[in-house]
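Engineer: sequence first, predicted model second:
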Amino acid sequence: HLATSLPLPSERDHLRPRIDLIVFMIDIKSKYSLKNVEASLAYVDASFFLGKVCFLVTGVGRVNYCSVEINAIWKLGEDYCSPVLFCELELEAIRVATAQRLLRMLQICAGHVTGVSALSFGSLMRNSADD
């Protein structure tokens, strides 16, 4: 399910499936994109930041057109204890690899991978980013 911002409309709450992973997409070429994500974060239950939220930054192949500071994005990931993934959606190989990575994250967050919890996976993601 896709939404342009949070909170989600409440009229369909009874039909909405369980939410296992929230991916906030930030277009590095749009300050509005970052502001929208920052505003939406207030509507996410604190328990989701324990391994069930990530930030996906798109447009990273066009550094010359950046409107968003990379440090601001890293700070979001750090402040919300959530991994930050960077990708360029215009390149098919990177788009496919990113989709596969997100699918694996979703499988873990949904509890479909035995022996790995969303919390431990989130911790591994943060530790690998620190290396």
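Structural biologist: Perfect, thanks for sending it. Numbering: from 1, shown residues only.
Engineer: relative to Arg101, how far out is Leu15?
Structural biologist: As judged by Cβ to Cβ, to the nearest Å, Leu15 and Arg101 stand 29 Å apart. (Each C-beta comes from the backbone N, C-alpha and C, glycine too.)
Engineer: likewise Leu21?
Structural biologist: Counting by Cβ to Cβ, the gap from Leu21 to Arg101 is 12 Å.
Engineer: and those two? Which one has more around it.
Structural biologist: Leu21 (18 against 15; other Cβ atoms under 10 Å).
Engineer: pretty sure the more buried one is touching Cys54, no?
Structural biologist: Yes - between Leu21 and Cys54 there is a contact at 7.3 Å, judged by Cβ atoms under 8 Å.
Engineer: what touches both of the two?
Structural biologist: Any residue near both Leu21 and Cys54 by Cβ atoms under 8 Å, 6 or more residues apart in numbering counts here, and that gives 102, 105.
Engineer: can you map out the strands along this structure?
Structural biologist: 22-27, 53-58, 84-87 (DSSP state E).
Engineer: these: which one's closest to Leu119?
Structural biologist: Closest to Leu119 of those, according to Cβ to Cβ: strand 53-58, at 11.7 Å.
Engineer: angle of that closest one against strand 22-27?
Structural biologist: Put simply, strand 53-58 runs at 20 degrees to strand 22-27, going by axes from the mean of the first three to the mean of the last three Cα atoms, to 10 degrees.
Engineer: now do the helices in this protein.
Structural biologist: 31-40, 70-79, 92-109, 118-130 (DSSP state H).
Engineer: got CSV for the ones you listed, with distance to Pro7 and mean pLDDT too?
Structural biologist: Below are the helices of the chain laid out as CSV (distance: least, Cβ to Cβ, whole Å; pLDDT from 0 to 100):
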stretch, distance to Pro7, mean pLDDT
helix 31-40, 8, 94
helix 70-79, 19, 92
helix 92-109, 20, 92
helix 118-130, 22, 61
